[in-house]
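Visitor: Build me a model:
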Amino acid sequence: MRRTTFGFGVAAAVLLAAGHDGLAQRGGRVGGGAARVGGGAIGGPYGGAGVGARSTGTVVGPAGGTRTAGTASGSYTTQRGTTIDYAGAGRGGTTPGGVSYGRGVGGVQVTTPGGKELTKVGTAGGAVGPGGNAVGGRAGVTTGSGPGGGSFGTAYHGGVAVGPQGVAAAGGRVGTATGPAGNTVSGAARGAVAVGPYGAAAGRTAAAAGAGGTYYRSAAAVTAQGYAVRQNFRTFARQYPVLTARWLGPTYRPVTWAVLAGWAGYGTYVAEPVYYDYGTTVMYLGDTVFANGQSVGTAEQYAQQAVEIAAAGEAAKPDPKQGEWQQLGVFAMVGEGEEKSTNLFQLAVNKAGVIAGEYYNALTDETSPVRGSVDAKTQRAAWTVGDRKFPVYEAGVANLTRDETTMLVHFSKEKAQQFTLVRIPQPGGDAPPGGK
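Guide: Numbering: from 1, shown residues only. Next up is the predicted model:
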């Protein structure tokens, strides 16, 4: 039987998950009810035995800060011969400014009488500021082997942040396994999750990223992306001369919510504007969609509502050149991290809530009509391009008074993906500052 006692040089590689049984803090509770290790030999209730040691100390600085450090290590053998070796170290404290912090490393190795081994090592750390904002992270490696020659291993790295907009977390994991005959399988996963101020969550992993859904983006990130996209459209008139000639000056003038609501009568149903900030106030969690923390149905039901809103405007088919229309603006559609767009929308709405306009695809140099509508009660706007039923594009009509906003694209009833709409300024004019 092989035994390995961890020294702290090895433990520095380690998995002490935030709460990973806190070996450094708890002194290593082991062995099915055995006593807490404090040094010397101990006996467990089932005949097992072990030895261990622990030490701690605290220092107070002249400015009022504190620092505490501790170590623990030991070994335990069960009655049936399984050996558990463990070691850990931790430190933490509080700065004079009120920031509390902590960090730990630790490791555990289990060896059975039959020769099977499981080793788990890792690190963890975190800090909390006086305002309640917090960050934390952990990383680690787990390996194992059997008497027949098979083995496996996994590695994990993750972090979490708690700020005024809620919680955001991300992590990654890789793993591999080899059988006694030499066959090997491996895989990797990457994920991110955000919990908004209303408590609902939206997440993605590498395997599920293609399924779309929503993800958290701060207002600052959306504004920064809008600025970058507008900078790339400074030569708009030269890039798109046909559109520039057809989409006249008034097309580019942004409309305020007060003007739009009074003109279209949206205040009759809802006194205040309803903003659909996808990834923040509207989020996909699994197969359920949440709006302001409340479930509003399944993803398929939510998509069907968008289909019906868009179809209502398509059925009306008013002449965009006739009647009274309020221009909403010219917008570029971009995906996550993109700063250039080849998809442009020119949108307008009439008093009946019908949306009309044009879509331009710069890759194919094609222009297609846009048809859709606004649901006055929910203030959801949805539209389609040409004669196609999908994709269905949607945004809150109040969001279309902003310089940039998140939007949702339903590629089918089963798949939706979050994008960003960025208002494009009038050719030759100054770009709007962003973020009304």
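Visitor: Does residue 274 belong to a helix, a strand or coil?
Guide: In three-state terms, and counting by DSSP: H, G, I helix; E, B strand; the rest coil, residue 274 is coil.
Visitor: give me every residue that touches it.
Guide: 378, 379, 396, 398 (CB atoms under 8 Å, 6 or more residues apart in numbering). C-betas here are computed from N, CA, C, even on glycine.
Visitor: 10 Å - rerun?
Guide: 266, 281, 291, 292, 377, 378, 379, 380, 396, 397, 398, 399 (CB atoms under 10 Å, 6 or more residues apart in numbering).
Visitor: ok, so of these, who is nearest residue 363?
Guide: Nearest to residue 363 among those: residue 399, at 25.8 Å, using CB to CB.
Visitor: where do the helices sit along the stretch 251-400 of the chain?
Guide: For the stretch 251-400 of the chain, helices defined by DSSP state H, counting those that start in this stretch occupy the ranges 257-264, 299-316.
Visitor: contacts for the shortest one?
Guide: Contacts made with helix 257-264 from outside it, assessed by CB under 10 Å, 6+ apart, are listed as 255-256, 266-268, 270-273, 275, 324, 326, 328, 349-353, 374, 376, 379, 397-402, 436.
Visitor: residues of it that come out buried?
Guide: Applying a neighbour-count criterion of 16 or more other CB atoms under 10 Å, one finds 257, 260, 261, 264 buried in helix 257-264.
Visitor: Residue 112 is nearest to which of the helices of the stretch 251-400 of the chain?
Guide: When these are compared (using CB to CB), the closest one is helix 299-316, at 46.2 Å.
Visitor: Let me know the average pLDDT across the closest one.
Guide: Average pLDDT, helix 299-316: 94.
Visitor: Number the residues from 874 up from this point.
Guide: With the count now opening at 874, the last piece we talked about shows up as helix 1172-1189.
Visitor: Would you mind listing the buried residues in it?
Guide: 1172, 1175-1176, 1178-1180, 1182-1187, 1189.
Visitor: Can you add distance to residue 948 and give the residues you listed back as CSV?
Guide: Shown next, in CSV, are these (distance: CB to CB, whole Å):
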residue, distance to residue 948
1172, 52
1175, 56
1176, 58
1178, 62
1179, 62
1180, 65
1182, 67
1183, 68
1184, 71
1185, 73
1186, 73
1187, 74
1189, 79
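Visitor: Show me which of the residues you listed is closest to residue 997.
Guide: Among these, and counting by CB to CB, the member closest to residue 997 is residue 1172, at 35.1 Å.
Visitor: Which residue is the nearest non-sequential neighbour of the closest one?
Guide: residue 1160 (5.4 Å; CB to CB, 6 or more residues apart in numbering).
Visitor: shouldn't that neighbour be in contact with residue 1176?
Guide: No: between residue 1160 and residue 1176 there is no contact under CB atoms under 10 Å: 11.3 Å.
Visitor: what do these two both touch?
Guide: 1170, 1287.
Visitor: Wasn't residue 1278 part of a helix?
Guide: No: counting by three-state DSSP, residue 1278 is located in no helix; its state is strand.
Visitor: Can you pull the domain assignment for this protein?
Guide: The chain resolves into domains spanning 881-1000+1009-1068, 1092-1296 when parsed by automatic domain parsing.
Visitor: ok, back up a step: quick one: which of the contacts of residue 1147 is most hemmed in?
Guide: residue 1270 (29 neighbours; other CB atoms under 10 Å).
Visitor: Roughly how far does that residue sit from residue 1247?
Guide: Residue 1270 sits 5 Å away from residue 1247, taking CB to CB, to the nearest Å as the criterion.
Visitor: How about residue 1017?
Guide: 58 Å.
Visitor: host element of the spatially closest residue to residue 976 that is not a sequence neighbour?
Guide: For residue 976, ignoring the flanking residues on the chain, the nearest one in space by CB to CB, 6+ apart is residue 998 at 3.9 Å. Using DSSP states H and E, residue 998 sits within strand 990-1001.
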